[in-house]
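>>> what shape does this take:
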Amino acid sequence: MNRLIDDSKILQDLVNNDNSNIDFNKYFPNVNFRLLEDYYNSFIMRDEQLLKVAEDMDLLDCGKLEEVLIKIKNTKVDYSSLNKNLIDEIDIELNKFIKIASGPRYWAAIRKWGKLEIWGENYLDQNDKTYNENNCLTVACGFNHLVSLRKNYTLSILGIDRLIQRKGIPTDSGYIAVACGVTHSVALRLDGSVATWGSNEVNQLDNSPSDGGYIAIACGEFHSVALHKNGTIATWGNNKAHQLDNCPLDGGYISIACGKYHSLALREDRNIVIWGDINRVESPKENDYIAISCGGSHSVALTKKGTIRIWIYSNWDQINNLPQDGEYISVACGNCHTVALRKDGSIVTFGDNTYNQRDGSPTEGIYIAIACGEYYSIALREDGKIVVWGDKKGNYN
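From the prediction side, this is the model:
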């Protein structure tokens, strides 16, 4: 991605020129100065490591932009020395979506400057205007709750708390990843330890690991899985549906995923192991897999050639219109449908269509990320726009 700010002379003029009484709002009525101010404030909260990450990603010239925003905030600047398109370009760029996430019947996205947006059915009481997350790094979606990981490595939660999803949420910092079940949540700390909170009504939190060294986490509806840096797997929580049965005890694993009541793990030798409530399905014998994903009652994997393999545990038409071609680079699973992203940025949707899950699947545009809810799908285009299709009932714009 090209830098937005390449003209150092314009920047220098803007930073040095402080002898004017020009009202920026008068001359730039379309510029969202509150957004710029919030973005500046988010820089103050970032530590040097995050700032370096942003610079390495080549999104913006972060150090110079901070000086610009300080001047905009504290000084009247002569607009004649400013490229009038500069702030508009910054505004457009920062408002692009860069991450997406999906709950069962709602979805979320994060703008480049950290603003968290939520649409869909009001499962979270997201119409509560008191919740305003402008410093979001990543997000995980549960059934009636959502957990945001902020850029200062702290956690925040939104949701209807009738099932005590908020109970015990950590208030310290140092978190780097989050995952959500139906009524519980898991967060991974920088030191590799795991924090759990929320409802324990059906033992979702029981026997969570007390040691450190974990590098990835995932949640099913009422169970959780964590991957250790030594390649072993820990699993805990409810086992009423045999979610924990036959969890592999050996090592060598590099990736994990959870369905409602089953789990999937990818080994460094490219084999896959499946366990949980899947008594009729054996783990695949092939060893050419590179990525995995779990649906409600099916699992999907990508091979080294970019082809798709699928395993179903009860027949809900999950294999309908299964692509036979290759060059896929990513897959995401809903309850009984799947979305696949090709190398060229195009998208294919297959599986059950009882609730119109496949209807409206995009046929144009270049996409860079995909996610699935129960009966809908969401994709992020390379231009920062979002497309949603399937059984969606929210007001998205």
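
>>> my guess is Gly306 meets Asp344, correct?
No. Counting by CB atoms under 8 Å, Gly306 does not reach Asp344; the two are 11.0 Å apart. For every residue, glycine as well, the C-beta is placed using N, CA and C.

>>> out of these two, which sits in the more crowded spot?
Using other CB atoms under 10 Å, the more surrounded residue of Gly306 and Asp344 is Gly306, with 16 against 9.

>>> confirm that the more buried one sits in a strand.
No. Under DSSP: H, G, I helix; E, B strand; the rest coil, Gly306 sits outside any strand and is assigned coil.

>>> stretch 155-168: which residues count as buried?
Leu155, Ser156, Ile157, Leu158, Gly159, Ile160, Asp161, Leu163, Gln165, Arg166, Gly168 (16 or more other CB atoms under 10 Å).

>>> ramachandran angles for the first one?
Spelled out, it's Leu155. phi -120, psi 150 (degrees, to the nearest 10).

>>> bridged to it, which residues?
Legend: beta-bridge partners of Leu155 under DSSP bridges are Leu149.

>>> show me where the protein has helices.
Assigned by DSSP state H, the helices in the chain fall at 8-16, 24-27, 33-45, 48-56, 62-74, 84-94.

>>> follow-up on the earlier one: list residues touching both of Gly306 and Asp344?
Residues touching both Gly306 and Asp344 (CB atoms under 8 Å, 6 or more residues apart in numbering) are Glu327.

>>> contacts only, for Pro104.
Tyr123, Cys141, Phe143, Gly373, Glu374.

>>> hmm, I was thinking of Gly213
Counting by CB under 8 Å, 6+ apart, Gly213 makes contact with Gly192, His228, Lys229, Asn230.

>>> determine which two of those residues are furthest apart.
Gly192 and Asn230 (10.6 Å; CB to CB).

>>> once you drop chain neighbours, what's closest to Arg150?
Asn135 (4.8 Å; CB to CB, 6 or more residues apart in numbering).

>>> looks like the one you found contacts Lys151 (just checking).
Yes. Using CB under 8 Å, Asn135 is in contact with Lys151, at 5.1 Å.

>>> neighbour count for the two, which is higher?
Asn135 (22 against 18).

>>> strands of the stretch 201-350 of the chain, start to end?
214-219, 223-228, 233-237, 253-258, 262-267, 272-276, 289-294, 298-303, 308-312, 328-333, 337-342, 347-351 (DSSP state E, counting those that start in this stretch).

>>> closest one to Lys115 among these?
strand 328-333 (23.1 Å).

>>> show me what that closest one is packed against.
With contacts taken as 3 or more CB pairs under 8 Å, 6 or more residues apart in numbering; DSSP states H and E, strand 328-333 sits against strand 289-294, strand 298-303, strand 337-342, strand 367-372.

>>> recalculate using a threshold of 10 Å.
Judged by 3 or more CB pairs under 10 Å, 6 or more residues apart in numbering; DSSP states H and E, strand 328-333 is in contact with strand 289-294, strand 298-303, strand 308-312, strand 337-342, strand 347-351, strand 367-372, strand 376-381.

>>> angle of the fourth one against strand 328-333?
Just to be clear, that refers to strand 337-342. Put simply, strand 337-342 runs at 160 degrees to strand 328-333, going by axes from the mean of the first three to the mean of the last three CA atoms, to 10 degrees.

>>> domain assignment for the chain?
8-94, 288-397 (automatic domain parsing).

>>> looking at these, which has the lowest confidence?
Lowest mean pLDDT within those: domain 8-94, a mean of 47.

>>> picking that back up, among the contacts of Gly213, who's most crowded?
Ranking the contacts of Gly213 using other CB under 10 Å puts His228 first, with 18 neighbours.

>>> bridged to that one, which residues?
With DSSP bridges as the criterion, His228 is bridged to Tyr214.

>>> got a list of what it touches?
Gly192, Pro209, Asp211, Gly212, Gly213, Tyr214, Ile215, Ala216, Ala234, Gly251, Tyr253 (CB atoms under 10 Å, 6 or more residues apart in numbering).

>>> quick check on those residues: which are buried?
The neighbour count (16+ other CB under 10 Å) marks Gly192, Pro209, Tyr214, Ile215, Ala216, Ala234, Tyr253 as buried among these.

>>> with pLDDT and distance to Ala301 as new columns, can the residues you listed be given to me in a markdown table?
Listed next are those as a markdown table, based on pLDDT from 0 to 100; distance: CB to CB, whole Å:
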| residue | pLDDT | distance to Ala301 |
| --- | --- | --- |
| Gly192 | 94 | 26 |
| Pro209 | 96 | 26 |
| Tyr214 | 95 | 23 |
| Ile215 | 94 | 20 |
| Ala216 | 95 | 17 |
| Ala234 | 98 | 22 |
| Tyr253 | 96 | 14 |
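
>>> count of neighbours near Ser199?
22.

>>> how far away is the residue lying closest to it once chain neighbours are set aside from Asn200?
Nearest in space to Ser199, with sequence neighbours left out and distances taken as CB to CB, 6+ apart, is Thr183 at 3.8 Å. Look at Thr183 and Asn200: by CB to CB, to the nearest Å, they are 9 Å apart.

>>> so for those two, which sits in the more crowded spot?
Thr183 (24 against 17).

>>> circling back to that earlier point, intersection of neighbour lists for Gly192 and Asn230?
Gly213, Tyr214, Ile215.

>>> identify the residue nearest the first one in space, chain neighbours excluded?
It refers to Gly213. Gly192 (4.4 Å).

>>> quick one: contacts for that neighbour?
Contacts of Gly192 (CB under 10 Å, 6+ apart): Ile176, Pro209, Asp211, Gly212, Gly213, Tyr214, Ile215, Ala226, His228, Lys229.

>>> so what pLDDT did the closest residue to the third one other than its chain neighbours get?
Leaving aside its chain neighbours, Asp211 sits nearest to Ser193 (7.4 Å; criterion: CB to CB, 6+ apart). Taken from the predicted model, the pLDDT recorded for Ser193 is 96.

>>> thank you, goodbye.
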